[in-house]
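> no FASTA, just this:
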């Protein structure tokens, strides 16, 4: 296929077709990025931030139109698409205001008269980003990457070429110099080849752990820095000593946001035995009240899956669980819809041999696991190859903090659902990835941390 085709998952109709970049066009973009970097790195942080301030203004002015693009291209309910654009604005504004302070030189005491650590950009960074949060996944990390002096080539998911083009247009409208941010329409295979080029100095990838393996291998072979966010099978632990009703509300929202297609959503809901029935009753009640339908309608809570592949994967995972003894507590009817809809499903009696226990479930399916006690909760939580985010519900703060220290994850929410915060590092351990996004730690990933001493 020589075209990238954008499909509306609600109607299965074609939104548009986009041509792949030729090798000549891609080489031009690489050269353009190098040329842009030579002048961009010399600008002050305030000068670079002024362009990002313009990006924020464009997003704010065009947020309804941009949110609509998200919804028609990957099926996210329009109210959630609007929230995504708002979150991009808030994150850009944070780094506009704080990057200079976050990467200002640090004076150190040493055996020399004067010693300090400074932070310098390294060059063009290849972004390879997914479709589930098509604006946030790009703009959240692009903001500080650009303000700190690097330049970006974006290879977005081929599911969302309209979003990819719209993001590039936003940067152009902001007046940012040519070559600082460019979108390239290429295949995954072509993107892998780009990593080996001398012009690319680092790679930021969000996606599956299997593709992440390949990118890490290529990056390592050519000694390129890579930041990999590779998803998870996040535990949502509810202990006996907790606000069960509130936990059930947060769990239902956390599991079914964006039709369950969220890397840090509640994937395995682990219930301490005494509160199991109470939680399930509240949880099912919340899901029954969620509206399934046209994602362009403001009242819709759950829209279609983003693409046929995801629909097939989640159906396979549920079929596997039911064949191995899982109990289906809820499967709402979606037969009236023509698009890529999957019925919101709640599975209980989950065992360790099921795919919904061992794999990332990227769809509207909740897996409920029963634990004997708090120690069993932690054992189940850590019984996964992933380690991205986690949640613990418990009234006892000391106990919750102790358990948070035992959970093998990069992020933990206590009596709340963990949401990305620009001031906090975002990322995981084990097969959930390498490196961090957001905060000063995210900025440092693609900076030369230079030590200088002089007498």
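It's in. Bear in mind that the values here come from a model prediction, so they are computed numbers and not experimental data. Numbering: from 1, shown residues only.

> low-confidence stretches in the protein?
1 (pLDDT under 70).

> okay, now the domains of it?
3-230+432-454, 235-422 (automatic domain parsing).

> gap between the two ends of the longest one?
Meaning domain 3-230+432-454. 56 Å (C-alpha to C-alpha, to the nearest Å).

> wait, residue 252 sits on residue 288?
No: with contacts counted by C-beta atoms under 8 Å, residue 252 stays clear of residue 288, the gap being 9.7 Å. Every C-beta, even on glycine, is put in place using the N, C-alpha and C of the backbone.

> these two: which is more packed in?
Just comparing residue 252 and residue 288: by other C-beta atoms under 10 Å the higher neighbour count belongs to residue 252, 25 against 11.

> got the contact list for the more buried one?
283, 286-287, 290 (C-beta atoms under 8 Å, 6 or more residues apart in numbering).

> who wins for most neighbours among these?
residue 283 (26 neighbours).

> tell me if I am right that that one is in a helix.
Yes: per DSSP: H, G, I helix; E, B strand; the rest coil, residue 283 lies within a helix segment.

> who's in contact with it?
Here residue 283 is in contact with 248, 251-252, 269, 346, 366 (C-beta under 8 Å, 6+ apart).

> export those to CSV and append columns for secondary structure and distance to residue 171.
As requested, the contacts of residue 283 are exported to CSV (DSSP: H, G, I helix; E, B strand; the rest coil; distance: C-beta to C-beta, whole Å):
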residue, secondary structure, distance to residue 171
248, helix, 42
251, helix, 38
252, helix, 37
269, strand, 40
346, strand, 42
366, strand, 38
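
> what's the spacing between residue 141 and residue 90?
14 Å (C-beta to C-beta, to the nearest Å).

> now do residue 237
29 Å.

> higher neighbour count, those two?
residue 237 (30 against 13).

> mind listing what the nearest residue to residue 388 once chain neighbours are set aside touches?
Computed as C-beta to C-beta, 6 or more residues apart in numbering, the closest residue to residue 388 that is not its neighbour in sequence is residue 232, at 3.0 Å. When contacts are counted by C-beta under 8 Å, 6+ apart, residue 232 touches 263-264, 267, 360, 384, 386-389, 409, 428, 432.

> what about the residues you listed, which are in helices?
Secondary structure from DSSP state H places none of the contacts of residue 232 in helices.

> just the buried ones from those residues, in PyMOL syntax?
To isolate the buried members of those in PyMOL, using 16 or more other C-beta atoms under 10 Å:
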select buried, resi 263+264+267+360+384+386+387+388+389+409+428+432
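
> distance to residue 85 for the contacts of residue 232 - can I get that in TSV?
Putting these into TSV (distance: C-beta to C-beta, whole Å) gives the following:
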residue	distance to residue 85
263	19
264	19
267	26
360	26
384	32
386	28
387	30
388	24
389	23
409	28
428	25
432	26
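
> any idea which of the contacts of residue 232 is closest to residue 112?
Nearest to residue 112 among those is residue 428, at 38.6 Å by C-beta to C-beta.

> thought that closest one was touching residue 387?
Yes: in this structure residue 428 lies within contact range of residue 387 using C-beta under 8 Å: 4.9 Å.

> now do the strands in the stretch 251-400 of the chain.
Counting by DSSP state E, counting those that start in this stretch, the stretch 251-400 of the chain has strands at residues 268-272, 327-331, 345-348, 365-371, 386-387, 389-393.

> helices of the stretch 1-150 of the chain, start to end?
23-40, 45-61, 63-74, 78-102, 136-147 (DSSP state H, counting those that start in this stretch).

> try the stretch 351-455 of the chain
355-358, 374-382, 397-406, 439-444.

> of the ones you listed, which is nearest residue 61?
Among the helices of the stretch 351-455 of the chain, helix 439-444 sits nearest to residue 61 (C-beta to C-beta), with 26.9 Å.

> and the gap between residue 439 and residue 190?
Residue 439 is 32 Å from residue 190, by C-beta to C-beta.

> compare these two (neighbour count), which wins?
Taking neighbours as other C-beta under 10 Å, residue 439 and residue 190 compare with residue 439 leading, 19 against 15.

> report how many residues lie close to the closest residue to that one other than its chain neighbours.
Leaving aside its sequence neighbours, residue 439 sits nearest to residue 425 (C-beta to C-beta, 6+ apart; 4.6 Å). For residue 425, the count of nearby residues is 18 (other C-beta under 10 Å).

> quick one, what contacts residue 425?
Applying C-beta under 8 Å, 6+ apart, the residues near residue 425 are 410, 436-439, 441-442.

> residue 211: neighbour count?
18.

> quick one: it is in a helix?
Yes: using three-state DSSP, the assignment for residue 211 is a helix.

> wait, it touches residue 205, no?
Yes: here residue 211 lies in contact with residue 205, judged by C-beta under 8 Å, at a distance of 7.4 Å.

> pretty sure residue 244 contacts residue 279?
Yes: at 5.2 Å, residue 244 counts as touching residue 279 under the criterion of C-beta under 8 Å.

> now do the shared contacts for these two.
By C-beta under 8 Å, 6+ apart, the residues touching both residue 244 and residue 279 are residue 238.

> compare the two (neighbour count), which wins?
residue 244 (24 against 21).

> which ones are touching that one?
By C-beta under 8 Å, 6+ apart, residue 244 lies in contact with 238, 275, 278-279, 282, 393.

> same question for residue 227.
Residue 227 touches 202-205, 427, 433-437, 442, 445-446, counting by C-beta under 8 Å, 6+ apart.

> quick check on it: phi, psi?
phi -110, psi 120 (degrees, to the nearest 10).

> which strand residues bridge it?
Bridge pairing for residue 227 (DSSP bridges) gives the partners residue 204.

> how near is the residue lying closest to residue 70 once chain neighbours are set aside to residue 135?
Spatial nearest neighbour of residue 70, chain neighbours left out: residue 81 (4.0 Å); criterion: C-beta to C-beta, 6+ apart. According to C-beta to C-beta, residue 81 stands 8 Å off from residue 135.

> out of these two, which sits in the more crowded spot?
Higher neighbour count among residue 81 and residue 135: residue 81, with 29 against 25, using other C-beta under 10 Å.

> between the two ends of stretch 108-123, how far is it?
Stretch 108-123 end-to-end distance (C-alpha to C-alpha) = 27 Å.

> any buried residues in it, and which?
Here stretch 108-123 shows 116, 119, 121-123 as buried, counting by 16+ other C-beta under 10 Å.

> select, from those residues, the two members most distant in space.
116 and 123 (22.7 Å).

> check contacts around residue 52.
Neighbours of residue 52 in contact, by C-beta under 8 Å, 6+ apart: 92, 95-96, 143, 146-147, 174.
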